[in-house]
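> Provided below are the primary sequence and the corresponding predicted coordinates.
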Amino acid sequence: MSIEVLHVIQQFGRGGASQALSSLIDTATSSRHRVVSLIPAVPSAKDHLLEKGIPLFEHPLQLELECLVESADIVQLHFWNTPELYEFMSRPITARIILWSHISGNTAPHIVTPELASYPDLIISTGLPFDHLCDKGLVIKPRTPHNITQSPRPTEKTETFTVGIFGTLDSGRSEASAFDVFVAAKLPGAKLLIVGSGDLVPMWRGQAESLNMLDRVEFTGFVNDVGSQLGRMDLLLHMPRKDSSATSDLALQEALLAGVVPVVTSGTPVTDLVRHGFDALVAFDSDECVVHLRALFQQPVLLRRLREEGLRRSRQDFAPQLSAQQFEDHYRQLMDQPVRTHQFPIDLADSGTQRFIATLGFAAETFRVSATRGNGWQEADETIALSSPALVGAGAGGILHYRGYYPHDPILRYWAGLVFAAQGRTAFAAAEFAAAAKAGVLGSEERLKALLGSSQEFKEQRC
């Protein structure tokens, strides 16, 4: 009898965690799989599951979800901080549970807390093991789900030397300065190919237009045929934010498989996927990225040597079957254990604010002080206003994500107002402060008056 695995993911889509899930399903041989998307799946991402005959359950009602869990041999959670996943875990579940963490676990809002580490029967990381939190942590790197074919490469530098930027291009994950690095490198005749979507794309398009570079910069948006776009690149400029929670980047794996040489900034777990001077060049900062781009542009022999080593190693290390085999081994071992009841220690009656704070672990203190209006709450508010893009996160576990999930929580609305005001989004900030003031949140009325006053003064100055 094959093992029945129920995958639970916040949203089945086109990103790394969903691709890792698809890859696992595609190459597993001794287990059967079903997928629960806690919110409706991205329509364009559903086709792959439908083609494979994999059942997909979107936004199921609680009773249906309980039936799906009860009928599964193993429940596999694909984790990063989202209110939907914590809502699922806050209810008692009797099952064998594997939690596959797709985050580094030490950068807010994506924290692996001791409570989270003790929740499943087995916690598996895509980065470093969480062995400081539990005695059952393992590491399994996700492998690329795409069958990337190596494109023929010229032996000498051509007039259409192409630098690529590829992946999920959000300000919470990628450095906004990547476009500036290409400009600063001043590579005669070179093109920049930007493949992917995110909030950085329109900003870069505006920069290209202001610099009269639209003839040298191409924006493809999201593409399904990843291989064909990678085949157009000579090198990949890959600059994840140092506070990014990413641990294993599928875009980087796919680039190596396609014979594209990466230039990668150091300081994140993603750097572990490459070896400086062997299959990539690793840069300490933006200035060193510029140096590396020029070196690869000017030295075709170096480019070719790194490319060949990247191809050799990636075909061996990134084979999807490796990940699937590891998981199926653990599935069989877990089947020897009895089911038990799991429940993350969040009370269903807790407010959205309390739940958000509970997910942040060691990074929660600033939010706790602000929420309780304890000693130093004004300073805490200022810190929250200047939160990193990842911590703001409208769709990735941040302040705005939780505010959207708990729309009537006054503290979350107040924090959203702080963030919007710091971003200069006055109308949005005013609406949030007004709602918080109506609920009696200390300081919100003063924030609203100051905001409206400055806005009126600005209008008068313009007139």
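Perfect, thanks for sending it. Numbers count the residues shown, from 1 in each chain.
> all contacts plus neighbour counts: C-alpha atoms, from now on.
Noted.
> Residue nearest the middle of this protein, spatially speaking?
Note on the chain: the residue nearest the mean C-alpha position is residue 246, at 6.0 Å, using CA atoms, centre = their mean.
> Give me the residue ranges of the stretch 101-250 of the chain where confidence is low.
For the stretch 101-250 of the chain, the stretches flagged by pLDDT under 70 are 135-137, 141-159, 247-248.
> residue ranges of the helices in it, please?
114-117, 178-185, 200-210, 226-230, 250-257 (DSSP state H, counting those that start in this stretch).
> Which positions in the first one come out as buried?
Just to be clear, that refers to helix 114-117. By neighbour count with 16 or more other CA atoms under 10 Å, helix 114-117 contains the buried residues 115-117.
> sorry, back to before: surely the residue nearest to the centre of the chain and residue 106 touch.
No - using CA atoms under 8 Å, residue 246 makes no contact with residue 106, being 10.5 Å away.
> now residue 32: how far from residue 445?
55 Å (CA to CA, to the nearest Å).
> Any stretches of the stretch 351-463 of the chain with poor pLDDT?
454-463.
> before we move on, the earlier item: now, of the helices of the stretch 101-250 of the chain, which is deepest in the fold?
helix 250-257 (a mean of 26; mean count of other CA atoms under 10 Å).
> In terms of secondary structure, what does it contact?
Contacts defined by 3 or more CA pairs under 8 Å, 6 or more residues apart in numbering; DSSP states H and E place helix 250-257 against strand 261-265, helix 300-317.
> of the helices of the stretch 101-250 of the chain, which approaches residue 216 most closely?
helix 200-210 (8.6 Å; CA to CA).
> and the closest one with helix 178-185, angle?
30 degrees (axes from the mean of the first three to the mean of the last three CA atoms, to 10 degrees).
> how far does helix 200-210 sit from the chain's center?
22 Å (CA atoms, centre = their mean, to the nearest Å).
> With stretch 335-348 instead?
26 Å.
> hmm, back to that, contacting residues for the residue nearest to the centre of the chain?
Residue 246 sits next to 102-104, 173, 268-270 when contact means CA atoms under 8 Å, 6 or more residues apart in numbering.
> What of residue 214?
205, 208.
> if we can go back for a sec, closest one to residue 288 among the helices of the stretch 101-250 of the chain?
Comparing the helices of the stretch 101-250 of the chain by CA to CA, helix 178-185 comes nearest, at 9.4 Å.
> Show residues contacting the closest one.
Counting by CA under 8 Å, 6+ apart, 163, 192, 204, 237-239, 286-287, 289-291, 293-294 sit against helix 178-185.
> and those, which are buried?
Buried among the contacts of helix 178-185 by 16+ other CA under 10 Å: 163, 192, 204, 237-239, 286, 289-290, 293-294.
> Tell me the one among these nearest to residue 22.
Using CA to CA, the buried ones among the contacts of helix 178-185 come closest to residue 22 at residue 238, 23.7 Å.
> So the residue lying closest to that closest one once chain neighbours are set aside versus residue 257, what's the distance?
Nearest residue to residue 238 in three dimensions, chain neighbours excluded: residue 264, at 4.9 Å (CA to CA, 6 or more residues apart in numbering). Distance check for residue 264 against residue 257: by CA to CA, it reads 16 Å.
> Same check on residue 250?
Counting by CA to CA, the gap from residue 250 to residue 257 is 10 Å.
> likewise residue 55?
30 Å.
> where along the stretch 1-150 of the chain do the strands fall?
With strands called from DSSP state E, counting those that start in this stretch, the stretch 1-150 of the chain shows them at 3-9, 31-37, 56-58, 74-79, 93-95, 97-101, 106-107, 110-111, 122-125, 137-139.
> Make JSON lines from the ones you listed and add distance to residue 217 to it.
Formatted as JSON lines, the strands of the stretch 1-150 of the chain follow (distance: least, CA to CA, whole Å):
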{"stretch": "strand 3-9", "distance to residue 217": "35"}
{"stretch": "strand 31-37", "distance to residue 217": "36"}
{"stretch": "strand 56-58", "distance to residue 217": "38"}
{"stretch": "strand 74-79", "distance to residue 217": "35"}
{"stretch": "strand 93-95", "distance to residue 217": "51"}
{"stretch": "strand 97-101", "distance to residue 217": "36"}
{"stretch": "strand 106-107", "distance to residue 217": "33"}
{"stretch": "strand 110-111", "distance to residue 217": "34"}
{"stretch": "strand 122-125", "distance to residue 217": "37"}
{"stretch": "strand 137-139", "distance to residue 217": "38"}
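> for those, which one sits closest to residue 208?
strand 106-107 (32.0 Å).
> Tell me how many other residues surround residue 316.
Here the number of neighbours of residue 316 (other CA atoms under 10 Å) works out to 11.
> what do you get for residue 76?
Residue 76, neighbours per other CA under 10 Å, totals 24.
> Give the bridge partners for it, please.
Under DSSP bridges, the beta-bridge partners of residue 76 are residue 7, residue 98.
> contacting residues for it?
So residue 76 contacts 5-8, 97-100 (CA under 8 Å, 6+ apart).
> do residue 276 as well
Residue 276 neighbours (CA under 8 Å, 6+ apart): residue 282.
> Kindly provide the distance from residue 269 to residue 249.
9 Å.
> for residue 183, same thing?
Taking CA to CA, one finds residue 183 at 25 Å from residue 249.
> Then residue 7?
21 Å.
> I figured residue 360 hits residue 113, correct?
Yes - the pair residue 360 / residue 113 is scored as a contact, 7.4 Å apart, by CA under 8 Å.
> And those two? Which one has more around it.
Remark: of residue 360 and residue 113, residue 360 carries more neighbours, 21 against 18, as counted by other CA under 10 Å.
> residues contacting that one?
108-111, 113.
> out of those, which one sits closest to residue 167?
Looking across the contacts of residue 360 and measuring by CA to CA, the closest to residue 167 is residue 110, at 19.6 Å.
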